[in-house]
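from the sequence below, what's the structure:
(one chain, ligands or ions: 1)
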Amino acid sequence: MTRRDDDSGDNDTTSGPGPIVDPRDTDPFGAFKAAQKQRWASFVAFEMLTTPVAARLVRFVGVAPGQRWLDVACGTGVVAVTAARQGACVTGLDLTPDLLVRAREHAAIGGVSIDWHEGDVEALPFGDGTFDVVVSEFGHIFAPRPAVALAEMLRVLRRGGTIAFASWPPELFMGRMFALAAQYQPPPDPAPAPPAAWGDPAIVRERLGEAVQDVGFDRGRMHTPALSPAHYRIRAEQTSAAIARLVETLAATDPDRLDRFRRDYDALTAEYFGGNVVRQDFLLTRATKR
Ligand SMILES: C[S@@+](CC[C@H](N)C(=O)[O-])C[C@H]1O[C@@H](n2cnc3c(N)ncnc32)[C@H](O)[C@@H]1O
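Below is the predicted model of the structure:
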């Protein structure tokens with residue numbers, strides 16, 4: 001595994017016990033994560049959009065009855081519940097307690113039992129090799145330090161187990177939207193790694209490195225209903241952590257710049273809008289831990 005995104009010091013923990021970062025005293029992104037925890041609470045509004053992708057990701061991995069799955073950054077539990085309904089023994093972890101409340105409701109409605117944890121993908125509260133499968137749907141990509149998050153996901157995965165995740169390619173809608181938003185705000189200090197880098201197969205291969213074998217990719221498309229690009233943007237302003245933060249900041253400091261951002265956002269969305277849906281293409285990655 002490369003260390004190019006990791007500024008945390010020793011990250012060779014694939015065989016050592018416990019999390020590699022103690023967020024209580026060493027995490028330079030503690031304030032960033034505290035803010036994320038607040039803002040992601042509004043993601044409930046998107047849960048039904050990611051539900052079909054969850055089915056796709058679970059099928060991409062394949063469930064064997066009794067397999068121990070970890071859904072990292074599980075949000076409202078769409079992947080966790082999907083895998084559990086197919087016979088997996090599932091644990092879900094997320095930073096945002098409000099989303100876990102909803103995840104518990106989904107598990108109860110779906111008639112499955114899941115072990116839910118509030119926590120950080122960069123400091124997983126599980127022992128080495130606990131799981132047969134570790135997955136994340138548009139989740140671990142938001143960890144500020146990819147190398148730390150990946151080392152943790154691999155640490156808790158047994159040898160021969162499967163790691164798999166869904167991510168947004170940088171050159172397509174969501175990746176371009178992240179880049180647009182980044183243009184309109186000064187980078188936080190310290191700066192988190194860009195989430196869309198996880199959507200580039202070359203970067204994914206480099207990050208996974210020698211820790212895995214049999215790396216495979218697939219692609220798919222999520223459709224988000226909207227009446228117009230402006231409708232889509234207004235919903236994003238209300239429900240997307242990154243966009244909500246940006247709009248709040250620009251509204252307070254530079255309303256003209258906020259108007260320009262909104263125009264640019266609508267123009268970008270228009271490129272992917274048609275038939276009252278916005279096309280959001282994603283990448284799936286799957287690999288086996290050596
Ligand atoms: C786009 S949502 C995806 C949720 C869910 N996996 C789905 O597909 O519907 C991103 C999720 O990542 C979670 N998240 C962000 N940073 C995290 C971190 N450092 N550790 C754990 N979860 C995190 C958020 O709380 C949120 O639930």
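
for this protein, what lies in contact range of the ligand?
The chain has residues 33, 36, 40, 43, 47, 50, 73-76, 78-79, 94-96, 99, 120-122, 137-139, 142-143 near the ligand, with proximity defined as Cβ under 6 Å from any ligand atom. The way it works is simple: take the backbone N, C-alpha and C, and place the C-beta from them, glycine included.

among the residues you listed, which are in strands?
Per DSSP state E, strands hold the following members of the residues of the chain next to the ligand: 94, 137.

the residue of the chain found nearest the ligand and residue 282: what is the separation?
The nearest approach of the chain to the ligand comes at residue 75, 2.5 Å away (Cβ to the nearest ligand atom). Distance of residue 75 to residue 282, given as Cβ to Cβ, to the nearest Å: 15 Å.

what of residue 122?
Taken as Cβ to Cβ, the span from residue 122 to residue 282 is 23 Å.

for residue 191, same thing?
For residue 191, the distance to residue 282 - Cβ to Cβ - is 24 Å.

quick one, helices of the stretch 51-200 of the chain?
Remark: helices assigned in the stretch 51-200 of the chain by DSSP state H, counting those that start in this stretch are 78-85, 97-110, 146-155, 173-183.

okay, the ones you listed in a markdown table with mean pLDDT and mean neighbour count next?
Below are the helices of the stretch 51-200 of the chain laid out as a markdown table (pLDDT from 0 to 100; neighbours: other Cβ atoms under 10 Å):
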| stretch | mean pLDDT | mean neighbour count |
| --- | --- | --- |
| helix 78-85 | 98 | 26 |
| helix 97-110 | 98 | 16 |
| helix 146-155 | 98 | 26 |
| helix 173-183 | 95 | 18 |
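
as TSV, these with distance to residue 243 would be great.
Listed next are the helices of the stretch 51-200 of the chain as TSV, based on distance: least, Cβ to Cβ, whole Å:
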stretch	distance to residue 243
helix 78-85	21
helix 97-110	17
helix 146-155	22
helix 173-183	6
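
compare the ones you listed and give me the one nearest residue 126.
Nearest to residue 126, of all the helices of the stretch 51-200 of the chain, is helix 146-155, at 8.4 Å by Cβ to Cβ.

just how off-centre is stretch 74-93 within its chain?
Stretch 74-93 sits 15 Å away from the centroid of its parent chain (Cα atoms, centre = their mean, to the nearest Å).

so what would you say the end-to-end distance of that stretch is?
Length of stretch 74-93, first residue to last, Cα to Cα, to the nearest Å: 6 Å.

now the element after the top helix by length along the chain, going C-ward?
As assigned by DSSP state H, the longest helix anywhere in the chain is helix 255-271. Once helix 255-271 ends, the next helix or strand along the chain (criterion: DSSP states H and E) is strand 273-274.
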